[in-house]
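Asks: A structural model of the following input is requested.
(one chain, ligands or ions: 1)
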Amino acid sequence: FLAGKTAVVTGSNSGIGLGVAHQLARAGADIVLNSFTDRDEDHALAQSMADQHGVKARYIKADMSKGDECRALIETAGACDILVNNAGIQFVAPIPDFPTEKWDAIIAINMSSAFHTTAAALPLMRKAGWGRIVNVASAHGLTASPFKSAYVTAKHGVVGLTKVTALETAQEKITCNAICPGYVLTPLVEAQIPDTMKEYDMTRDEVIKKVMLERQPSKEFATVEEIGDTAAFLCSPAAAQITGTTISVDGGWTAL
Ligand code: NAD
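Replies: Residues are numbered from 1 along each chain as shown. Purely as a prediction, here's the structure:
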């Protein structure tokens with residue numbers, strides 16, 4: 001149902017972004033992958049996505065911490081029917097110790113980038129008469145944890161931007177929503193399991209249930225495929241009247 005549409009997914013050379021790109025490509029969309037690196041393997045990822053799903057795919061380098069590069073990503077893509085704002089980083093420290101440069105980087109990459117890409121994409125969506133914006137926020141866009149000041153602030157900001165974008169496009173065939181994942185099993189999370197097992201002398205299952213998923217009532221990770229399918233649903237005809245809202249994929253975290 002997405003044949004002929006072009007999807008730009010920021011921060012998509014790994015993890016959730018790559019998972020979302022795969023599910024959108026499965027639904028027929030042409031894909032623009034992105035990150036701040038420009039390695040052969042980044043371009044190879046796009047090639048394998050094209051081969052696997054029979055769509056067009058390319059990789060465009062752009063640093064989402066810089067507003068002009070965010071806008072240039074959309075301009076270079078040339079078309080942007082679906083925009084997935086996914087790029088994000090994390091840093092954890094108490095507020096008095098939180099390094100200013102980490103605060104600035106998280107606000108820029110996790111929040112402001114979505115403003116810049118949206119600003120550049122909306123004219124293209126209006127010209128095409130259709131558009132879908134999916135912001136990858138977080139359970140931390142709806143609730144908080146200590147020591148994650150910048151991340152929680154940025155993700156709440158993304159939820160706010162989602163609502164404003166929805167209102168400014170409400171009478172056009174453009175929607176904007178935020179997905180709020182709980183813990184998702186990405187390579188980054190997977191890599192932490194062996195060390196944590198050693199640290200606490202626990203089995204893999206204990207580490208997952210007692211340490212990582214302490215706040216996730218289902219005691220299961222969400223998968224990148226599930227986040228991708230949620231994004232694909234928000235781009236489907238069934239979701240045409242869903243706009244300006246959040247959809248939690250968090251195993252019950254925010255119900256607590
Ligand atoms: P990840 O580290 O695998 O992916 C982050 C992506 O962003 C990577 O592709 C990375 O290259 C890219 N990126 C980082 N800095 C960038 C920059 N300056 N410019 C362009 N790209 C940049 O992590 P992930 O878990 O897949 O996270 C993806 C998104 O999902 C983030 O916004 C994160 O906050 C959100 N999220 C993740 C979880 C989780 O449990 N993994 C939960 C909730 C929300």
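
Asks: Identify the residues contacting whichever residue of the stretch 51-200 of the chain sits closest to the ligand.
Replies: Nearest residue of the stretch 51-200 of the chain to the ligand: Gly88, at 2.2 Å (C-beta to the nearest ligand atom). For glycine as for every other residue, the C-beta is placed from the backbone atoms N, C-alpha and C. With contact taken as C-beta atoms under 8 Å, 6 or more residues apart in numbering, Gly88 is in contact with Gly11, Ile109, Asn110, Val136, Ala154.

Asks: got the CA coordinates for the strand or helix carrying the last one in CSV?
Replies: Translated: Ala154. Using DSSP states H and E, the element containing Ala154 is helix 149-168. Provided in CSV are the C-alpha atoms of helix 149-168 (Å, rounded to 0.1, in the frame of the first residue of the first chain):
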residue,chain,number,x,y,z
SER,A,149,17.0,15.2,32.0
ALA,A,150,17.9,16.0,28.4
TYR,A,151,16.4,12.8,26.9
VAL,A,152,13.1,13.2,28.8
THR,A,153,12.9,16.9,27.9
ALA,A,154,13.6,16.2,24.2
LYS,A,155,11.1,13.4,24.0
HIS,A,156,8.3,15.4,25.7
GLY,A,157,9.2,18.2,23.2
VAL,A,158,8.8,15.8,20.3
VAL,A,159,5.3,14.9,21.5
GLY,A,160,4.5,18.6,21.7
LEU,A,161,5.8,19.2,18.1
THR,A,162,3.8,16.2,17.0
LYS,A,163,0.5,17.9,18.2
VAL,A,164,1.4,21.2,16.6
THR,A,165,2.3,19.6,13.3
ALA,A,166,-1.0,17.7,13.3
LEU,A,167,-3.0,20.9,13.9
GLU,A,168,-1.2,22.8,11.1
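
Asks: Gly19 should be in a strand, yeah?
Replies: No: assessed with DSSP: H, G, I helix; E, B strand; the rest coil, Gly19 is helix; it does not lie in a strand.

Asks: Need the pLDDT of the residue found closest to it once you drop the neighbours it is linked to in the chain.
Replies: Counting by C-beta to C-beta, 6 or more residues apart in numbering, Gly19 lies nearest to Val224, which is 2.6 Å off, once chain neighbours are set aside. On the pLDDT scale, Val224 is placed at 97.

Asks: same deal with Val211?
Replies: pLDDT, Val211: 89.

Asks: That one: how many residues sit nearby?
Replies: 15 (other C-beta atoms under 10 Å).

Asks: Next, the contact list for it, please.
Replies: Contact analysis of Val211 by C-beta under 8 Å, 6+ apart lists Thr196, Tyr200, Met202.

Asks: what does this protein put close to the ligand?
Replies: Contact residues (C-beta under 6 Å from any ligand atom) of the chain with the ligand: 11-17, 35-36, 63-65, 86-89, 109-110, 136, 138, 181, 183-184, 186, 188-189.

Asks: and the residues you listed, which are buried?
Replies: Using 16 or more other C-beta atoms under 10 Å as the burial test, the residues of the chain next to the ligand include 11-13, 15-17, 35-36, 63-65, 86-89, 109-110, 136, 138, 181, 183-184, 186 as buried.

Asks: Restricted to strands, list those.
Replies: Using DSSP state E, Ser35, Val136, Pro181 are the members of those that sit in strands.

Asks: Using CSV, lay out those together with distance to Leu161.
Replies: Formatted as CSV, these follow (distance: C-beta to C-beta, whole Å):
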residue, distance to Leu161
Ser35, 21
Val136, 12
Pro181, 17
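
Asks: those helices in the stretch 101-250 of the chain, which residues are they?
Replies: 113-128, 149-168, 187-190, 192-200, 204-206, 224-234 (DSSP state H, counting those that start in this stretch).

Asks: The last one: how far from the chain's middle?
Replies: Relative to the chain's own centre, helix 224-234 is displaced by 10 Å; criterion: C-alpha atoms, centre = their mean, to the nearest Å.
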